[in-house]
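Chemist: Next one to model:
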Amino acid sequence: MPGKATAVQNGDELVQEVIKIARKLGLETKEQFHVARRIWGANRKIDVILIEGKSRKTLGVECKYQGGGGSAEEKIPATIQDIAAWPIPGIVVFSGEGITENMKSFLVSTGKAIELNELEPWLRLFFGLSLD
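Modeler: This next block holds a predicted model:
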């Protein structure tokens, strides 16, 4: 299954691809879900909430895209820390040529981040869905 995801060109497309994969698996989705505030007062929103219908097991997904050089990849570790404050489990789904191999290695090592092309099998395991 890895590698089947469509290449995305920006953050909005990444969110939509996560939703597409989730719906293919029969999961409910909610976008931009408001969940309290950050320590400096800004609203905290989770990009995508995934819910398995029978068990009601829930997962928050933050989507991070970096197409070229820039600071987005440097912000992802802070996002992983922010997930710890959520009232539900969460992960970061990342994509884009601008995310360096070193950052990819770091992200995957946290157990809280996954590359888009690995999302479907990860979700199957997390939600206890068929592994076909």
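Chemist: rest of the way, CA atoms for contacts and neighbours
Modeler: Noted.
Chemist: Return the set of residues that bridge with Val61.
Modeler: Note on Val61: beta-bridge partners Val48, Ile91, judged by DSSP bridges.
Chemist: Low-confidence stretches in the protein?
Modeler: 1-6, 37-40, 70-73 (pLDDT under 70).
Chemist: hey, where'd the helices end up in it?
Modeler: Remark: helices assigned in the chain by DSSP state H are 11-24, 72-83, 101-109, 119-127.
Chemist: how about JSON lines for these, with distance to Lys57 and mean neighbour count added?
Modeler: Formatted as JSON lines, the helices of the chain follow (distance: least, CA to CA, whole Å; neighbours: other CA atoms under 10 Å):
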{"stretch": "helix 11-24", "distance to Lys57": "13", "mean neighbour count": "17"}
{"stretch": "helix 72-83", "distance to Lys57": "17", "mean neighbour count": "15"}
{"stretch": "helix 101-109", "distance to Lys57": "23", "mean neighbour count": "13"}
{"stretch": "helix 119-127", "distance to Lys57": "7", "mean neighbour count": "16"}
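Chemist: and of the ones you listed, who's closest to Lys45?
Modeler: Nearest of the helices of the chain to Lys45, taken as CA to CA: helix 72-83 at 10.6 Å.
Chemist: related to what we said a few turns ago, of all the helices of the chain, which one comes closest to Ala42?
Modeler: Nearest to Ala42 among these is helix 72-83; the distance by CA to CA comes to 12.4 Å.
Chemist: Mind giving me the packing neighbours of the closest one?
Modeler: Helix 72-83 makes packing contacts with strand 58-65, strand 90-95 when contacts are defined by 3 or more CA pairs under 8 Å, 6 or more residues apart in numbering; DSSP states H and E.
Chemist: Run through who's touching it.
Modeler: With CA atoms under 8 Å, 6 or more residues apart in numbering as the test, helix 72-83 has contacts from 62, 64-66, 89-92, 98-99, 103, 107, 112-113.
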